[in-house]
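K.L.:
What would the 3D arrangement of this be:
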Amino acid sequence: MPLNAVILSAGRGSRMGARTADRPKCLMEIGGARLLDRQVAALRAASVHDIAVVTGWQAQAFDGRGLTLFHNARWSTSDMTDSLACAEDWLCEGPTIVCYGDIVFTPATVNALVSQPGDIVLAYDPHWSTMWSQRFADPLEDAETFRLREDATVSDIGGQPVTVGEVQGQYMGLFKTEPAGWRRIQAALRTADSTGSRRDMTAILAALIRQQHARIPAVANQGPWYEFDSPTDLEPGTASLAELDRLLHLETHGAHGTSPSPARGRS
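P.N.:
Numbering: from 1, shown residues only. From the prediction side, this is the model:
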């Protein structure tokens with residue numbers, strides 16, 4: 001069954017200031033290429049069949065890029081999980097890689113997700129403290145709890161850590177879901193709505209683990225990756241981008257970067 005991918009890029013990205021005044025974060029040009037260029041290149045190298053973007057803020061900026069577009073019309077008042085639901089047709093159809101619009105990653109990490117059995121599989125960075133120390137004066141200020149069982153399934157995610165011991169890694173905003181996994185996420189969202197509970201992505205994953213005693217495997221990141229959430233991430237992320245571009249054989253030229261290859265079989 002073909003493997004598809006969905007990039008979640010509906011949000012305003014206001015923490016990036018002027019850089020996202022006229023475009024979503026994944027269309028920011030950093031180091032001579034857009035984040036989207038790198039995402040598409042990594043996904044293509046991992047044999048992803050079709051790629052879609054869930055749009056919201058400045059949706060027209062994605063026109064003519066050869067990608068399938070889903071639109072979250074309620075992007076300004078909804079959660080990441082609502083954006084994901086806009087791609088429900090694909091999520092019900094077969095295995096799908098889901099990634100946030102402000103991260104870059106390697107094909108090897110995508111391949112690890114695909115190879116790991118499970119209807120939901122998360123990618124995480126076991127060496128998170130290096131990146132978080134570059135980005136924050138106090139790494140625990142932004143980090144979330146993330147703990148694994150001996151069988152490498154997630155036992156805790158998304159809480160506020162008090163000690164480093166509660167953080168065995170950081171969820172990257174990159175995961176695989178099968179149709180059965182999407183049905184589990186939908187059920188957890190319905191429960192959250194009925195109880196008034198948090199419905200952001202890590203809260204829903206935590207609810208699955210807590211309420212359904214779900215086994216959600218996790219695979220360790222392989223190679224350079226980075227998250228670009230605010231202007232302070234630009235300078236420390238430059239080295240990771242340069243390393244990733246070499247690995248992807250991505251040509252970076254001027255302010256325009258490179259254009260993603262057209263998606264196959266979709267419009």
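K.L.:
Around Pro107, how many other residues sit close by?
P.N.:
19 (other CB atoms under 10 Å). For every residue, glycine as well, the C-beta is placed using N, CA and C.
K.L.:
Which pLDDT value goes with it?
P.N.:
As predicted, Pro107 sits at a pLDDT of 98.
K.L.:
repeat for Glu251
P.N.:
84.
K.L.:
And the helices in this structure?
P.N.:
Shown for the chain, the helices assigned by DSSP state H span residues 35-45, 80-85, 88-93, 107-115, 128-135, 139-142, 179-195, 201-211, 234-248.
K.L.:
Return the most buried member of those helices.
P.N.:
Sort these by mean neighbour count, taking mean count of other CB atoms under 10 Å, and helix 35-45 sits at the top with a mean of 24.
K.L.:
Now that one - C-alpha only, CSV.
P.N.:
Output of helix 35-45 as CSV, limited to C-alpha atoms (Å, rounded to 0.1, in the frame of the first residue of the first chain):
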residue,chain,number,x,y,z
LEU,A,35,11.8,24.3,5.2
LEU,A,36,9.2,22.7,2.9
ASP,A,37,11.9,22.0,0.3
ARG,A,38,13.8,20.0,2.9
GLN,A,39,10.7,18.2,4.2
VAL,A,40,9.6,17.2,0.7
ALA,A,41,13.2,16.0,-0.2
ALA,A,42,13.4,13.9,2.9
LEU,A,43,10.0,12.3,2.4
ARG,A,44,10.7,11.6,-1.3
ALA,A,45,14.0,10.0,-0.4
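K.L.:
helices or strands up against the least confident helix or strand in the chain by mean pLDDT?
P.N.:
Least confident helix or strand of the chain, by mean pLDDT, DSSP states H and E, is helix 139-142 with a mean of 91. With contacts taken as 3 or more CB pairs under 8 Å, 6 or more residues apart in numbering; DSSP states H and E, helix 139-142 sits against helix 128-135.
K.L.:
tell me how far the helix it packs on is from the chain's mean position?
P.N.:
18 Å (CA atoms, centre = their mean, to the nearest Å).
K.L.:
Counting by contacts, list what that helix packs against.
P.N.:
Helix 128-135 packs on helix 139-142, strand 170-177, helix 234-248, going by 3+ CB pairs under 8 Å, 6+ apart.
K.L.:
Give me the contact list for it.
P.N.:
Contact with helix 128-135 is made by 125, 139, 142-143, 164, 167, 169-170, 226-227, 232-233, 236, as judged by CB atoms under 8 Å, 6 or more residues apart in numbering.
K.L.:
That one vs helix 234-248, what angle?
P.N.:
If you take axes from the mean of the first three to the mean of the last three CA atoms, to 10 degrees, helix 128-135 sits at 130 degrees to helix 234-248.
K.L.:
For helix 128-135, C-alpha coordinates in CSV please.
P.N.:
C-alpha atoms of helix 128-135 as CSV (Å, rounded to 0.1, in the frame of the first residue of the first chain):
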residue,chain,number,x,y,z
TRP,A,128,17.3,16.4,23.1
SER,A,129,19.3,18.2,25.8
THR,A,130,22.0,19.4,23.3
MET,A,131,19.4,21.1,21.1
TRP,A,132,17.3,22.4,23.9
SER,A,133,20.4,23.9,25.6
GLN,A,134,21.1,25.8,22.4
ARG,A,135,17.6,27.1,22.2
